[in-house]
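Trainee: What would the 3D arrangement of this be:
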Amino acid sequence: MDMKKKRKQNLKYFKEKHPNVFEAYQNFGSSLHETGGPLDEKTRWLVKIAVSAASQFEYALQTHIERALQAGCTPEEIEHTILLTAPSAGFPRMMSALMIFRETVE
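Mentor: Numbering: from 1, shown residues only. Purely as a prediction, here's the structure:
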């Protein structure tokens, strides 16, 4: 079984076993994303991509890339965001994020 399928199954398990916790987490995240400040939708997703890339949260990065594309970010904007993580987070982390980006958009 591939890792993406395992991650989705794990999320499904969490949602089913802990629905109140999941709902609270979703509401918290949505509130921050939608009303937490003045950044526009595309910028918010690019920030989330940068944080996920720098932190090496692969599943979050993949999800944020998909959602950024849905929000109107271009692949070039997303790739640039990932490249910008290299000086702060390190070249190896940026390269790992770049690989996830390429696998997600291809």
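Trainee: Every contact and neighbour count from this point should use C-alpha atoms.
Mentor: OK.
Trainee: quick one: secondary structure of Cys73?
Mentor: Classification of Cys73 using DSSP: H, G, I helix; E, B strand; the rest coil returns coil.
Trainee: Ser52 versus that one, what's the distance?
Mentor: Separation of Cys73 from Ser52 (C-alpha to C-alpha, to the nearest Å): 16 Å.
Trainee: what residue is smack in the middle of the chain?
Mentor: Most central in the chain under C-alpha atoms, centre = their mean is His64, positioned 2.7 Å from the mean C-alpha point.
Trainee: Just say helix, strand or coil for it.
Mentor: His64 is classified as helix under three-state DSSP.
Trainee: okay but it is in contact with Lys48, surely?
Mentor: Yes: between His64 and Lys48 there is a contact under C-alpha atoms under 8 Å: 6.5 Å.
Trainee: Gly29: neighbouring residues, count only.
Mentor: Gly29 has 12 neighbouring residues, counting by other C-alpha atoms under 10 Å.
Trainee: so what pLDDT did it get?
Mentor: With respect to pLDDT, Gly29 scores 89.
Trainee: try Met1
Mentor: If you check Met1, the pLDDT there is 69.
Trainee: picking up where we left off before, distance check, the residue nearest to the centre of the chain against Val51.
Mentor: Distance from His64 to Val51, by C-alpha to C-alpha: 10 Å.
Trainee: Tell me who's in contact with the nearest residue to Glu66 once chain neighbours are set aside.
Mentor: Using C-alpha to C-alpha, 6 or more residues apart in numbering and skipping residues adjacent in sequence, the residue nearest Glu66 is Thr104, 7.4 Å away. Taking C-alpha atoms under 8 Å, 6 or more residues apart in numbering, we find Thr104 in contact with Gln62, Ile65, Glu66.
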